[in-house]
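Trainee: I'll drop the sequence and a predicted model, then ask my questions.
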Amino acid sequence: MASLQSSFLLPSSSCSSRRTIAPAAIHDPKLPNLRISVPTLPNTSTASLNVIEQLCLNQPINAQSPFISHLHHILDAVADRVEMHNDLHLQRDNWNSLLLNSINMITLTASAMAAAAPAVGALGAPLLGLKLSSALLFSAATGMLVVLNKIQPSQLAEEQRSAARLFKQLQAQIQTLITVGAPTQRDVDSAMEKVLALDKAYPLPLLGAMLEKFPKTLEPASWWPNSSHSYESKTENENAQFDGNQRQGSNGWSDELEAEMREIVEVIKTKDAQDYARLGNLVLKVHKSLAISGPLLTGIAALGSAFVGDWSPGGMVVAAAAGSLAAAVNALEHGGQIGMVFEMYRSVAGLIWLMEESVRGTLEETDWEKRENGEVFERKVALKLGRSLAQLRQLASKSTAARTEGICVDEFASKLF
């Protein structure tokens, strides 16, 4: 017990010893009193400090936050348009299949009634009911075909599909600009112009705004504002990576790269653009011929059914044959979606035209520092054409050699379409 008591008393004694030693250690040295004069700062008002703080800190944030807010509003509108165009694409694709099936059922039913009318008449039954029913069905099919061929639902569906794809591209561009870029008023205005240009190129309503389905010649689709080739995000120029082999201050450009881009433009113009214009005009002629033939055949069948059984079996033959041919023509035109094929050629021709205009617009800028970075631009062109960088440079060399020999290059610029 004595040992336990002593062990419990030891910490307290040590603590007390520390408490007695500490004051002595602190107060023992005597330091002299020193007076240090500190210069007083000039009086600065609170308002001045606030102004300086806003200029140094808040102003850049306040300058960019409205632009980001505007881009978010535009992004919401673009997302809504994507949904609308997707919905209309499904609706008009359904129109095409439902109307085609309905018209062909009506046409084939009327043809069968016209073909069976002489046999019914031979049994002594009245022919007026069959003749009238067949003529009315053929007339109804003619009217429905005129409307169907006028609006071309398969072509409308392809227009909405293309619009949804382009709006998704614009949506991705705006999201990238908000995430990694430093948006400016120019970026906001450019995004707005692109939205309005797409609205004009691919209208939603049918009445009064529908695109011409049977133009005289193929006109490439145009869905970009006139100044789109000069618009590039600042992040593409500022964040571009440079190789050690590039010249200082060249922004990734060189005389060789500029000559390469000019050769690519020449190939696009002489091969791709001309070939798609030729194929598009060929499809347009077939499209017009089928659109005229369908209603014409059903109209002839309606007239032929009116004369079934009167003087000769000729009316029955005309009605049945014309109705059957009309069903085949309709199946080829709308089942084969010739309107969609024509719209596809129109869209691809527009894409080639946009690429040509973009490269030309970039090359027209003589100051290399004001262009988009050359390496980035070359890679973008290669990806849009479905080529690697080596294949793109090989095509440019082949174009140069062919032009020197006075012949045309034997391949197209695009491997994607």
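Mentor: Ah, there it is.

Trainee: Work out for me the element the residue nearest the centre of the chain sits within.
Mentor: Geometric centre of the chain, nearest residue: residue 166, 1.0 Å, by C-alpha atoms, centre = their mean. Assigned by DSSP states H and E, residue 166 belongs to helix 153-180.

Trainee: What residues of that helix count as buried?
Mentor: Buried positions in helix 153-180, judged by neighbour count with 16 or more other C-beta atoms under 10 Å: 153-164, 166-168, 170-171, 173-174, 177-178. For the C-beta atoms, the positions are set from N, CA and C on the backbone; glycine is no exception.

Trainee: That one: what's the following helix or strand?
Mentor: Per DSSP H and E, the first helix or strand lying C-terminal to helix 153-180 is helix 185-201.

Trainee: what residues does that next one touch?
Mentor: Outside helix 185-201, the residues that touch it by C-beta atoms under 8 Å, 6 or more residues apart in numbering are 67, 70-71, 74, 77-78, 81, 163, 166-167, 170, 173-174, 177, 181, 221-225, 227-228, 231, 233-234.

Trainee: could you redo the last one with a cut-off of 6 Å?
Mentor: Under the contact criterion C-beta atoms under 6 Å, 6 or more residues apart in numbering, helix 185-201 has outside partners 67, 70, 74, 166, 170, 174, 177, 223, 224, 225, 231.

Trainee: The strand or helix carrying the second one: what's the following helix or strand?
Mentor: Right, residue 70. Per DSSP H and E, residue 70 falls inside helix 59-122. Downstream of helix 59-122, the next assigned helix or strand under DSSP H and E is helix 128-151.

Trainee: Quick check: which of the contacts of helix 185-201 has the minimum pLDDT.
Mentor: Ranked by pLDDT, these bottom out at residue 231, which scores 41.

Trainee: And the residue nearest to residue 334 when sequence neighbours are not counted, how close does it get to residue 115?
Mentor: In this structure, residue 334 finds its nearest non-sequential neighbour in residue 100, 4.4 Å apart by C-beta to C-beta, 6 or more residues apart in numbering. Note on residue 100: its distance to residue 115, by C-beta to C-beta, to the nearest Å, is 22 Å.

Trainee: How about residue 84?
Mentor: Per C-beta to C-beta, residue 84 is found 46 Å from residue 115.

Trainee: Show the model's pLDDT score for residue 37.
Mentor: With respect to pLDDT, residue 37 scores 46.

Trainee: Tell me where the model's unsure across this structure.
Mentor: Along the chain, segments meeting pLDDT under 70 span 1-64, 120-126, 227-249, 309-313.

Trainee: And residue 357, how far from residue 224?
Mentor: When residue 357 is compared with residue 224 (using C-beta to C-beta), they lie 8 Å apart.

Trainee: Name the residue in the two with the higher neighbour count.
Mentor: Taking other C-beta atoms under 10 Å, residue 357 and residue 224 do not tie; residue 224 has more neighbours (20 against 16).

Trainee: Now the residue lying closest to residue 217 once chain neighbours are set aside: which helix or strand?
Mentor: Leaving aside its sequence neighbours, residue 217 sits nearest to residue 281 (C-beta to C-beta, 6+ apart; 5.9 Å). Here residue 281 sits within helix 274-306, counting by DSSP H and E.

Trainee: Quick check: buried residues in that helix?
Mentor: Applying 16+ other C-beta under 10 Å to helix 274-306 flags 276-277, 279-280, 283-284, 287-288, 290-291, 293-302, 304-306 as buried.

Trainee: Taking helix 128-151 as reference, get the angle to it.
Mentor: Relative orientation of helix 274-306 and helix 128-151, computed by axes from the mean of the first three to the mean of the last three C-alpha atoms, to 10 degrees: 160 degrees.

Trainee: give me the number of residues near residue 92?
Mentor: Around residue 92 there are 21 residues (other C-beta under 10 Å).

Trainee: check contacts around it.
Mentor: With C-beta under 6 Å, 6+ apart, residue 92 has these contacts: 153, 156, 157.

Trainee: What residues does the residue nearest to residue 301 when sequence neighbours are not counted make contact with?
Mentor: Spatially, and ignoring its direct neighbours in sequence, residue 301 is nearest to residue 322 (3.8 Å; C-beta to C-beta, 6+ apart). Taking C-beta under 6 Å, 6+ apart, we find residue 322 in contact with 297, 300, 301.

Trainee: now those residues in TSV, with distance to residue 210?
Mentor: Formatted as TSV, these follow (distance: C-beta to C-beta, whole Å):
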residue	distance to residue 210
297	25
300	29
301	29
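
Trainee: which among those residues gets closest to residue 405?
Mentor: residue 297 (52.3 Å; C-beta to C-beta).

Trainee: My guess is the closest one contacts residue 326. True?
Mentor: Yes. At 3.7 Å, residue 297 and residue 326 qualify as touching, with contact defined as C-beta atoms under 6 Å.

Trainee: what's downstream of the helix holding residue 281, the next helix or strand?
Mentor: As assigned by DSSP H and E, the chain's next helix or strand after helix 274-306 is helix 314-330.

Trainee: quick one on the thing from earlier: quick one, what contacts the residue nearest to the centre of the chain?
Mentor: Applying C-beta under 6 Å, 6+ apart, the residues near residue 166 are 198, 223.

Trainee: Quick one: neighbours of residue 367, just the number.
Mentor: So residue 367, with other C-beta under 10 Å, has 7 neighbours.

Trainee: Repeat that for residue 383.
Mentor: Burial of residue 383 is recorded as 13 neighbouring residues (other C-beta under 10 Å).
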